[in-house]
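Colleague: the following comprises the amino acid sequence and a computationally predicted model.
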Amino acid sequence: MHSIARRHLRDHQNGRLSRREFLTRVTALGVAAPLAYGMLGTGTVAAQAQPVAGGILRMQMPTLALCDPRLADWPEIGNMLRGWLEPLVTYHADGTFTGHLLERWETSEDGLNLRLHLRPGIRWQNGEAMVAEHVAHNLRRWCEPTPRNGLAAVMDAVARGEVKVVDDLTLDVTLGFADATLIASMSDYNALIVHPSYDGADPSVSPLGSGPYLPILNEVGKMQSLEKVSWWGTPVFGGPWLDRIDYVDLGTAPMRALEAARAGQIDAVDQTIADNIRGFQDLGWISSQTDSAATLAVRFQQKDRTFVDPRVRRALQLAVENAVVLDIGVNGLGMRGENHHVCPLHPDYARVDPPITDIPAAQALLAEAGLTGHTFTLTSLDDAWQALSCDAVAAQLNDAGIPTQRQILPGAEYWANWRTYPFSGTYWNMRPLGVQVLRLAYRSGSEWNETGFFNPAFDTTLDRALGIADATERQAAMQELETILREEAVLIQPFWRTLTRHATPRLRGAAILPTLAHRHHEWWLAP
């Protein structure tokens, strides 16, 4: 067993690590989940009722244009693609990582070498065996600096190293530098394995994957459907149980989902907006809820001339009380944010002083910058909770004497241009580690760096943090990173969301997960 895993066990026994933190850390190192639970002296979750095969599930969810998985920039795209394209690793609500296409993995003591073991018996939907070379092909694809490839930044250590196929089921990955986030990144919604013949086009046009479903309908903005096929994973994971899954797009007005539920037109919602919780309860629908590091980043695009000056960004940040946005935007369902995009749920979170609100200081900074009386425009998606949250930010700015108008855009226009708005709110999904988020969103030049933030000192500290396998030891570097983001006023990050899903009592196995991932083979409908 990896020596760091033993150290984590001692830290848990001495009260320095929670159960969840322990599980996240040791399973990322390659300790199998049953063994990790055994180290704690507990068993895994008890088995549920025996699933029943058959039925069609209709779930409300935005249906977005599909693309090469490595280019996917919204979890809804990943949820559709995951019907037939599978990940190497799965992240669970209890914080554990388990292998999906991978059976197991080992990490060297210095963190510079990974050995990946593919599960035996995996078959592509054309009957061909999946082999280690296919995985190696995907790892190399992920490293390519293709425009919009969000995985290129997180695979940098692989790109600077070497991927070697040992045999049909084994790969050795030598890293260019130690990177504690690689296994976690392999569980993300854009890290899905494609067949070597895939040409980068819409993968639903000539679909070929290894998963339990195939796409049979792709009407963007209306409906996307998956239909059950024969699956290699049934003996390992069970399922798939449902004959078909229909994703129904009802637009961004949350009342439409509630009306559709009342009319018997849907069986579940992907996410329940706070104002609808009581309505679904009154219908007798069952809720599942989870804490999450999902958030809304109200960010400033520093390439825009208005926000080049850090005094302007700092002024707007000082004028907003995050607790107010939490209450108004999501009815208080979550935790107050601290304007640095690392969540207390992250095992590498470092405590820093809470953000302050100081309106006189905000007004003075704007005066120094020569922008007293300047009118700002805050853009958001017309989704209810995001629009309300940005409304709350704009209202506080206006109350502070900082003129701010709102621009609320429909999904098709917003999603196509989300990186470009000077001042906007962007929904960010949860990643298991805080350092993952910081590399994706704030490293200089990263594909997903929507703020245009460029700071060599931040990048140097980030590199150091990535090389620290022990999350507790990483916290000192994380504190530096969080402090830089706060001092540079990179964003207003008002809250961490508590996620809720409602579904008919018949739906089983589909509790909402912190990362919003859909694991279709686990879902089933009771008679």
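Modeller: Arrived safely, thanks for sending.

Colleague: so is the closest residue to L366 other than its chain neighbours in a helix, a strand, or just coil?
Modeller: Take L366 and drop its neighbours on the chain: the residue closest to it by CB to CB, 6 or more residues apart in numbering is A315, 4.6 Å away. C-beta coordinates here come from the backbone N, C-alpha and C atoms, glycine included. State at A315, reduced to three classes by DSSP: H, G, I helix; E, B strand; the rest coil: helix.

Colleague: A315: what's it in contact with?
Modeller: Residues counted as contacts of A315 (CB atoms under 8 Å, 6 or more residues apart in numbering) are 361-363, 365-366, 369, 402.

Colleague: 7 Å - rerun?
Modeller: Residues near A315 by CB atoms under 7 Å, 6 or more residues apart in numbering: 362, 365-366.

Colleague: repeat that for R20.
Modeller: Here R20 is in contact with 94-95 (criterion: CB under 7 Å, 6+ apart).

Colleague: picking that back up, among the contacts of A315, which lie within helices?
Modeller: Members of the contacts of A315 lying in helices (criterion: DSSP state H): 362, 365-366.

Colleague: could you dump those residues into JSON lines and include distance to D11?
Modeller: As requested, those are arranged in JSON lines below (distance: CB to CB, whole Å):
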{"residue": "A362", "distance to D11": "41"}
{"residue": "L365", "distance to D11": "42"}
{"residue": "L366", "distance to D11": "46"}
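
Colleague: got a markdown table for those, with neighbour count and pLDDT too?
Modeller: Listed next are the ones in helices among the contacts of A315 as a markdown table, based on neighbours: other CB atoms under 10 Å; pLDDT from 0 to 100:
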| residue | neighbour count | pLDDT |
| --- | --- | --- |
| A362 | 23 | 98 |
| L365 | 23 | 98 |
| L366 | 24 | 98 |
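
Colleague: and A394, how many neighbours?
Modeller: A394 sits with 22 neighbouring residues when counted by other CB atoms under 10 Å.

Colleague: and the contacts of the helix or strand where it lies?
Modeller: Assigned by DSSP states H and E, A394 belongs to helix 384-399. Helix 384-399 has contacts (CB under 7 Å, 6+ apart) with 252-254, 273-275, 296, 298, 316, 319-321, 324-325, 328-330, 376, 378, 380-381, 404, 406, 408, 425, 427, 492, 494.

Colleague: put the buried members of the residues you listed into a PyMOL selection.
Modeller: In PyMOL, a selection of the buried entries from those looks like this (16 or more other CB atoms under 10 Å):
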select buried, resi 252+254+273+274+296+298+316+319+320+321+324+325+328+329+330+376+378+380+381+404+408+425+427+492+494
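
Colleague: among the contacts of helix 384-399, name the ones in strands.
Modeller: Among these, the members found in strands (DSSP state E) are 296, 298, 376, 378, 380-381, 404, 406, 408, 425, 427, 492.

Colleague: am I right that P207 sits in a helix?
Modeller: No. Assessed by three-state DSSP, P207 does not belong to a helix; its assignment is coil.

Colleague: pretty sure it contacts L85?
Modeller: No. Counting by CB atoms under 7 Å, P207 stays clear of L85, with 8.6 Å between them.

Colleague: just put the ones in strands among the contacts of helix 384-399 in a markdown table and tack on pLDDT.
Modeller: Putting those into a markdown table (pLDDT from 0 to 100) gives the following:
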| residue | pLDDT |
| --- | --- |
| L296 | 97 |
| V298 | 98 |
| F376 | 98 |
| L378 | 98 |
| S380 | 96 |
| L381 | 92 |
| T404 | 98 |
| R406 | 98 |
| I408 | 96 |
| G425 | 97 |
| Y427 | 94 |
| I492 | 98 |
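
Colleague: closest to H137 out of those?
Modeller: The closest of these to H137 turns out to be Y427 (CB to CB; 31.5 Å).

Colleague: in the stretch 1-150 of the chain, which spans are helices?
Modeller: 3-13, 19-28, 33-40, 75-81, 132-143 (DSSP state H, counting those that start in this stretch).

Colleague: and N398, how many neighbours?
Modeller: N398, neighbours per other CB under 10 Å, totals 14.

Colleague: for it, give me the pLDDT.
Modeller: We have a pLDDT of 98 for N398.

Colleague: that older thread, so what sits against both of P207 and L85?
Modeller: Counting by CB under 7 Å, 6+ apart, nothing touches both P207 and L85.

Colleague: can you tell me, leaving aside adjacent residues, what's nearest to V52?
Modeller: W524 (5.8 Å).

Colleague: swap in V173?
Modeller: Of all residues not flanking V173 in the chain, L114 sits nearest, at 4.3 Å (CB to CB, 6+ apart).

Colleague: repeat that for W418.
Modeller: Leaving aside its chain neighbours, W418 sits nearest to T426 (5.9 Å; criterion: CB to CB, 6+ apart).

Colleague: thought that neighbour was touching E450?
Modeller: Yes. Contact criterion CB under 7 Å: T426 and E450 qualify, at 6.2 Å.

Colleague: phi, psi of the spatially closest residue to L85 that is not a sequence neighbour?
Modeller: Using CB to CB, 6+ apart and skipping residues adjacent in sequence, the residue nearest L85 is L192, 3.9 Å away. Main-chain torsions, L192, degrees, to the nearest 10: phi -110, psi 140.

Colleague: and L192, what pLDDT?
Modeller: 98.

Colleague: where's it relative to N79, distance?
Modeller: According to CB to CB, to the nearest Å, L192 stands 11 Å off from N79.

Colleague: tell me the pLDDT of the residue nearest to L366.
Modeller: At A315, pLDDT is 98.

Colleague: distance of it relative to F300?
Modeller: A315 is 11 Å from F300, where distance means CB to CB.

Colleague: equivalent analysis for P87, please.
Modeller: 33 Å.

Colleague: which one of the two has more residues nearby?
Modeller: Higher neighbour count among P87 and F300: F300, with 29 against 24, using other CB under 10 Å.

Colleague: that one pairs with what?
Modeller: Counting by DSSP bridges, F300 is bridged to F423.

Colleague: tell me how many other residues crowd P527.
Modeller: For P527, the neighbour count with other CB under 10 Å is 6.

Colleague: cool, E86 as well?
Modeller: 23.

Colleague: I'd say it and L102 touch.
Modeller: No. Using CB under 7 Å, E86 is not in contact with L102; the gap is 10.4 Å.

Colleague: CA atoms only for stretch 77-84, dumped as CSV, please.
Modeller: What follows is stretch 77-84, C-alpha atoms only, in CSV (Å, rounded to 0.1, in the frame of the first residue of the first chain):
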residue,chain,number,x,y,z
ILE,A,77,-23.4,17.4,-22.8
GLY,A,78,-21.4,14.8,-20.8
ASN,A,79,-24.5,13.3,-19.4
MET,A,80,-25.9,12.5,-22.9
LEU,A,81,-22.5,11.3,-24.2
ARG,A,82,-22.0,9.1,-21.2
GLY,A,83,-24.8,6.9,-22.5
TRP,A,84,-22.4,5.3,-25.0
